[in-house]
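1. only geometry, no sequence info:
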């Protein structure tokens, strides 16, 4: 069993309920991971993902090894048949096979390069480990998805469940750096598994991959999208069509208290880290309706559920 996409979940509702049970008694299965090792490989930086996944493994009694490939590992070659006479020192064939001997589960974090759309969509790093590793692989954020985050988002929303069918809005917001589409992609895929009025709002030209958004509703008027919303999820992403570029920095897309007044007293969500007063104003993120810290907390239980299911599957 691998956990690569939110679509690997057979029943989101059941998984969320299981995660909430884990949250109540996080050390209940402390013996499950005894003498098992999680290898965490980072090709990009991390705070919540690294600490929450490591905490999840420790809650299950696992040993944990962490390696930052960019500063500690050899540069890897991912192309089969490559003539390695420059640059890369080790091929993914050997690297994945070797790491598999040391670990029972491999977790990988490797962002999009935002230069070559075709290469990013091919998920070169993640696909390489999936192809050549001999143990289960967990996606800690790849070029196109962040399924641990979206599972935590689903858990958090369940804790703030409305009595009526909720309206959930994913809104683009400005950012000074070009960011990947991984988080919004996985959030969209997660929402497609929910019974909700789901709306994506962003400037024209900032459409996500249509193979992911499918028939999800898109609204270019942010104020209209916010009307009567129960959840506002803010996130920047760079242009998918003009790939990896920043073609809009309009500050009018920042989430403000005035915009939140258009909602149904909505909860504010963000995956963190967040640029204050760029993505969202202090007033909104510091308000009682902000649940970003709860989201971050639930990252542990999302990861713990995934690791627990993999361990149980390998018995």
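-> That came through fine. Everything numeric in this text was worked out from a predicted model, so none of it was measured. Numbering: from 1, shown residues only.
2. All the helices of this structure, residue numbers only.
-> 12-24, 48-59, 69-72, 92-102, 117-121, 124-132, 147-159, 182-191, 210-213, 222-226, 257-260, 282-285, 292-313 (DSSP state H).
3. To residue 168, which of these lies closest?
-> helix 182-191 (6.0 Å; C-beta to C-beta). In this view, the C-beta of every residue, glycine as well, is placed from N, C-alpha and C.
4. what's next to the closest one, contact-wise?
-> 5-7, 12, 111-112, 141-147, 149-151, 153-154, 168, 170, 172, 198, 200, 208-209, 212-213, 216, 233, 235, 237, 271 (C-beta atoms under 8 Å, 6 or more residues apart in numbering).
5. and residue 37, which of the helices of the chain is closest to it?
-> Among the helices of the chain, if distance is taken as C-beta to C-beta, the winner is helix 92-102, at 6.8 Å.
6. And the average pLDDT for that closest one is what?
-> Taken as a whole, helix 92-102 has a mean pLDDT of 97.
7. With stretch 34-43 instead?
-> Stretch 34-43 shows a mean pLDDT of 98.
8. next one: stretch 137-146
-> The average pLDDT within stretch 137-146 is 98.
9. May I see the buried residues of that stretch?
-> Using 16 or more other C-beta atoms under 10 Å as the test for burial, stretch 137-146 gives 137, 138, 139, 140, 141, 142, 143, 144, 145, 146.
10. start to end distance for stretch 131-151?
-> 24 Å (C-alpha to C-alpha, to the nearest Å).
11. pLDDT score for the nearest residue to residue 172 once chain neighbours are set aside?
-> Nearest residue to residue 172 in three dimensions, chain neighbours excluded: residue 202, at 3.5 Å (C-beta to C-beta, 6 or more residues apart in numbering). We note a pLDDT of 98 for residue 202 in this prediction.
12. Look up how far residue 244 lies from residue 202.
-> To residue 244, residue 202 is 16 Å away according to C-beta to C-beta, to the nearest Å.
13. for residue 28, same thing?
-> 44 Å.
14. quick one: which of the two has more around it?
-> Here residue 28 and residue 244 are compared on neighbour count by other C-beta atoms under 10 Å; more neighbours surround residue 244, at 18 against 13.
15. The residue positioned nearest the centre of the chain: what's it in contact with?
-> Nearest to the geometric centre of the chain sits residue 146, at 2.3 Å (C-alpha atoms, centre = their mean). Residues near residue 146 by C-beta under 8 Å, 6+ apart: 139, 182, 183, 185, 186, 271.
16. tell me which of the buried residues of stretch 137-146 is nearest to residue 260?
-> residue 146 (24.7 Å).
17. Rebuild the helices of the chain as CSV, extending it with distance to residue 34.
-> What follows is the helices of the chain, written out as CSV (distance: least, C-beta to C-beta, whole Å):
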stretch, distance to residue 34
helix 12-24, 17
helix 48-59, 12
helix 69-72, 27
helix 92-102, 17
helix 117-121, 38
helix 124-132, 25
helix 147-159, 23
helix 182-191, 31
helix 210-213, 39
helix 222-226, 49
helix 257-260, 47
helix 282-285, 40
helix 292-313, 10
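18. of the contacts of helix 182-191, buried ones?
-> So, of the contacts of helix 182-191, 5-6, 12, 111-112, 141-147, 149-151, 153-154, 168, 170, 172, 198, 200, 208-209, 212-213, 216, 233, 235, 237, 271 end up buried under the neighbour-count rule (16+ other C-beta under 10 Å).
19. In strands, which of these fall?
-> With strands defined by DSSP state E, the entries of these inside them are 168, 170, 172, 198, 200, 233, 235.
20. any idea how far the second one lies from residue 237?
-> Put plainly, it is residue 170. In terms of C-beta to C-beta, residue 170 sits 10 Å off from residue 237.
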